[in-house]
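Asks: following is a predicted model, sequence given first.
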Amino acid sequence: MRGLRQLPAILYMTAAFAFIFLPVAMLVIYSFQNGPLPVPPFKGVSLRWYDALLADRKLMAAMGNSVLVGVLSSLAATMLGFLAAYAMARRPPRRVALAQFFLMAPISVSYLIIALGLLFTFNLVGVGKSLLVVGIGHVVINLPLCFAICYSQLGEHQANVERAAQDLGANDLQALILVTVPMLWPALLASFFIAFTLSWDEFVIAFLLSKYDTTMPVVIWSMLRSGLSPKLNAAGTFVFGISILLVLLVELLLGRKRTS
């Protein structure tokens, strides 16, 4: 009887996961298609489209741009988020409530609105479209998340350890770098990897704020306008694989943090 009561929930979860992951599974499967089109029937396994992907200079350049923007913007967002979280965690909550509200506000704003606002702002000050502007946009959208992760891990026990280090002769900067940062390294790494994952996949900001040098999602979108190709499936599978790998690393780091 218990199994029968759980059957609707099991069927619902199965349908939900199928709805989410079936398109991804088709993307991955047909990236190995030996034929010229990623449509049935499946004509055998081949790595020819991955070879074509690696031989495509435009795609490889876009991949390098995505890595560059992702790494630099994630480092900036993680550092700024940590510093903001550290400053607010050492103040009474009522004194920093307004600052926290404004810091978390970009989470509730559409990426399209953020991109348009940045585009108008940079045009107003005479700064053209570039990967630098894209990176700044990614810092804007990732900073609140990095702040939230770091802030959630900053507790009174870190403050007590910092005070102990200061009693032993460390100044504020030494206590921050030598005590607080090592204690928070799982949260800092998790913040970086989540920010990189979001930057790696982000399209709207990269599309509106880039010009000649573009990121991987923008190039994939431009290729889609000329029709379907198994090479696009290979590129999408590569992007998806990197994202999944980073998410697994985040889960591993946060799992270790919870265990400790």
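Replies: Everything's here; your move. Numbering: from 1, shown residues only.
Asks: now the helices for the stretch 101-250 of the chain?
Replies: 111-124, 131-153, 156-167, 172-175, 181-183, 185-201, 204-209, 216-224, 230-259 (DSSP state H, counting those that start in this stretch).
Asks: how far off helix 131-153 does the longest one point, in degrees?
Replies: Read that as helix 230-259. Angle of helix 230-259 versus helix 131-153, following axes from the mean of the first three to the mean of the last three CA atoms, to 10 degrees, is 30 degrees.
Asks: show me which positions of helix 230-259 end up buried.
Replies: 230-239, 242, 246, 249-250, 253-254 (16 or more other CB atoms under 10 Å). C-beta here means a position set from N, CA and C on the backbone, and glycine is covered the same way.
Asks: and if you look at the fifth one?
Replies: Neighbour counts over helix 181-183 (16+ other CB under 10 Å) mark residue 183 as buried.
Asks: I'd like the numbering to begin with 242 instead of 1 from here.
Replies: With the count now opening at 242, the last piece we talked about shows up as helix 422-424.
Asks: now that helix, how far from the chain's geometric center?
Replies: Its chain's average C-alpha position is 22 Å from that of helix 422-424, according to CA atoms, centre = their mean, to the nearest Å.
Asks: which residues touch residue 353?
Replies: Applying CB atoms under 8 Å, 6 or more residues apart in numbering to residue 353 gives the contacts 445, 449.
Asks: which non-adjacent residue is nearest residue 465?
Replies: Among residues not flanking residue 465 along the chain, residue 473 sits closest, at 6.5 Å (CB to CB, 6 or more residues apart in numbering).
Asks: ok, now residue 291?
Replies: Closest to residue 291 by CB to CB, 6+ apart is residue 475, at 5.0 Å.
Asks: so what's the one you found up against?
Replies: Per CB under 8 Å, 6+ apart, neighbours of residue 475: 272, 290, 291, 293, 294.
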